[in-house]
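Q: Prediction below, plus the sequence it came from.
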Amino acid sequence: MNSNEWCQRTIFRVFIMLLLLTVAVKVVANDTIFIKVHFLYGSKPQRAFKDTESKWLGGRLGGHVGIEVEPNKIIDFVPSGKFHWFAKPNNKHSKFVIHDEDGFWTVFGGRAAAAKKASITIPITADQKQRLDQIFTAYTTTTPYDYAFVGMRCAAAAYDILSQLGIVKAYSYHKTYRKIYYPRKLRKQLLKKATKHGWAISKQPGISDRRKWERG
């Protein structure tokens, strides 16, 4: 075999190896499972529009959090019935609901296109997805805790689910709602993790001049 033939065969082999590697990478990419954590920023009416704009639960420090478990299928924790200042384990006024994207972004009213929001895309394993599906079925069937001012709310509830998947550190029930009191607490933690791990982040500024939006 002369040197030209050897070079041609070597180049051909390298080409085949690169082709197979590309196919393998595409297969792995197609098999990757993702969830999205959506954050609707808190807001309150500007002074000039306080009589016409709606007040949101929690105001500027409120907002909302939901986990997109499948495309356009978001699970989030909301009050149901009379609002409780203190959690009542035996009289739960709460539920986990399923929203599509438009329903989630407009949960407090307003237009989705005008809302300030952030979404973080997180890759998970097949085992994590199986666990998430189990949580989804259990929590939407029977709410695990009450929704209360001193107790679990949307951010703490989302943190609870993510902790069971190993995405964030697990805390006890009481420590969870004490530490993750506002959506901003969870959002800052996940944005930091996203930067570290290269997770995709999508943000949209609040464009309505009728409302004063939460920072961050």
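A: Thanks, I have the structure now. Numbers count the residues shown, from 1 in each chain.
Q: doesn't residue 184 fall inside a strand?
A: No - going by DSSP: H, G, I helix; E, B strand; the rest coil, the assignment for residue 184 is helix, not a strand.
Q: In this structure, what residue spans correspond to strands?
A: 33-40, 43-45, 64-70, 73-79, 84-86, 94-99, 117-124, 148-150, 200-204, 211-213 (DSSP state E).
Q: who's in contact with the residue nearest the centre of the chain?
A: Centroid-nearest residue in the chain: residue 37, 1.0 Å away (criterion: C-alpha atoms, centre = their mean). Residues in contact with residue 37, defined by C-beta atoms under 8 Å, 6 or more residues apart in numbering, are 65-68, 119-120, 122, 158, 162, 186, 190. For glycine as for every other residue, the C-beta is placed from the backbone atoms N, C-alpha and C.
Q: pLDDT weak spots in this structure?
A: 1-31, 56-60 (pLDDT under 70).
Q: if we go to 80?
A: Counting by pLDDT under 80, the ranges of the chain that qualify are 1-31, 47-62, 208-209, 216.
Q: hang on, the earlier thing: most neighbours of all the contacts of residue 37, which one?
A: In terms of neighbour count, residue 66 stands highest of these at 29 neighbours, by other C-beta atoms under 10 Å.
Q: I'd guessed that residue sits against residue 73; true?
A: No - assessed by C-beta atoms under 8 Å, residue 66 is found out of contact with residue 73, at 9.9 Å.
Q: could you dump the contacts of residue 37 to a markdown table with distance to residue 180?
A: Converted to a markdown table, these look like this (distance: C-beta to C-beta, whole Å):
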| residue | distance to residue 180 |
| --- | --- |
| 65 | 9 |
| 66 | 14 |
| 67 | 14 |
| 68 | 19 |
| 119 | 18 |
| 120 | 15 |
| 122 | 17 |
| 158 | 8 |
| 162 | 10 |
| 186 | 5 |
| 190 | 11 |
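Q: What is the nearest of the residues you listed to residue 101?
A: Comparing these against residue 101 with C-beta to C-beta picks out residue 68 as the nearest, at 7.8 Å.
Q: From residue 54, how far out is the closest one?
A: Separation of residue 68 from residue 54 (C-beta to C-beta, to the nearest Å) stands at 25 Å.
Q: Would you quantify the distance from residue 81 to residue 191?
A: Counting by C-beta to C-beta, the gap from residue 81 to residue 191 is 33 Å.
Q: Actually, residue 90.
A: Residue 90 is 37 Å from residue 191, by C-beta to C-beta.
Q: Which neighbours do residue 66 and residue 73 have in common?
A: Counting by C-beta under 8 Å, 6+ apart, nothing touches both residue 66 and residue 73.
Q: coming back round to it: report the beta-bridge partner residues of the residue nearest to the centre of the chain.
A: For residue 37, the beta-bridge partners under DSSP bridges are residue 67, residue 120.
Q: Including distance to residue 131, could the strands of the chain go into CSV?
A: Output for these, formatted as CSV (distance: least, C-beta to C-beta, whole Å):
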stretch, distance to residue 131
strand 33-40, 11
strand 43-45, 34
strand 64-70, 11
strand 73-79, 14
strand 84-86, 29
strand 94-99, 16
strand 117-124, 9
strand 148-150, 26
strand 200-204, 22
strand 211-213, 34
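Q: So residue 90 and residue 191 - more neighbours on which side?
A: residue 191 (17 against 5).
Q: what sits against the closest residue to residue 112 other than its chain neighbours?
A: Leaving out its chain neighbours, the residue that sits closest to residue 112 by C-beta to C-beta, 6 or more residues apart in numbering is residue 105, at 3.7 Å. By C-beta under 8 Å, 6+ apart, the contact set of residue 105 is 38, 40, 112, 115, 117.
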